[in-house]
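J.: sequence unknown, structure follows:
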């Protein structure tokens with residue numbers, strides 16, 4: 001996550017570890033960078049949606065969804081919030 005922004009929050013939420021960062025890059029710039037990094041690290045992308053102002057990338061090491069990157073414009077103009085949810089990290 002630190003490759004794409006400054007970490008602003010780390011918390012456990014139900015079954016997930018949630019890491020949030022703020023980036024000066026756009027959703028359009030970040031989405032392919034994150035997808036490429038996941039693939040290069042051996043993860044499988046099991047679903048993705050990129051609408052330009054927001055996007056999601058669901059990934060897994062094998063079968064089933066084990067994580068999600070969520071990108072949203074804001075909190076300020078020309079910034080994007082990058083949220084990583086890792087399944088099982090909140091136990």
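T.: Noted; the coordinates are in hand. The structure presented is a predicted model; accordingly, all values stated were derived computationally and were not measured.

J.: so residue 4 makes contact with residue 26?
T.: No: when contacts are counted by CB atoms under 8 Å, residue 4 is not listed as touching residue 26 (11.2 Å). C-beta here means a position set from N, CA and C on the backbone, and glycine is covered the same way.

J.: now the helices for the protein?
T.: Per DSSP state H, the chain carries helices over the ranges 27-40.

J.: Tell me where it is predicted with low confidence.
T.: Low-confidence segments of the chain, defined by pLDDT under 70, span residues 62-65, 89-91.

J.: Kindly recompute the last result at 90.
T.: Where the chain drops to pLDDT under 90, the residues are 13-16, 41-42, 61-66, 75, 87-91.

J.: So for it, the centremost residue is which one?
T.: residue 69 (2.0 Å; CA atoms, centre = their mean).

J.: can you count the residues close to the residue nearest to residue 19 when sequence neighbours are not counted?
T.: Leaving aside its sequence neighbours, residue 19 sits nearest to residue 84 (CB to CB, 6 or more residues apart in numbering; 4.5 Å). Residue 84 has 22 neighbours, counted by other CB atoms under 10 Å.

J.: List the residues that contact residue 84.
T.: Going by CB atoms under 8 Å, 6 or more residues apart in numbering, residue 84 touches 1, 18-20, 67-70.

J.: Put the buried members of the residues you listed into a ChimeraX selection.
T.: Applying 16 or more other CB atoms under 10 Å to the contacts of residue 84, the buried members can be selected in ChimeraX as follows:
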select :1,18,19,20,67,68,69,70
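
J.: Dump the contacts of residue 84 to CSV, plus distance to residue 78.
T.: Below are these laid out as CSV (distance: CB to CB, whole Å):
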residue, distance to residue 78
1, 19
18, 24
19, 22
20, 18
67, 27
68, 24
69, 20
70, 19
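
J.: what's the farthest-apart pair in the contacts of residue 84?
T.: Spatially, the most separated pair among those is 20 and 67, at 13.9 Å (CB to CB).

J.: For residue 71, give the beta-bridge partners.
T.: residue 55, residue 82 (DSSP bridges).

J.: and it, how far is that from residue 88?
T.: 22 Å (CB to CB, to the nearest Å).

J.: Compare these two (neighbour count), which wins?
T.: The neighbour comparison of residue 71 against residue 88 (other CB under 10 Å) goes to residue 71, with 26 against 10.
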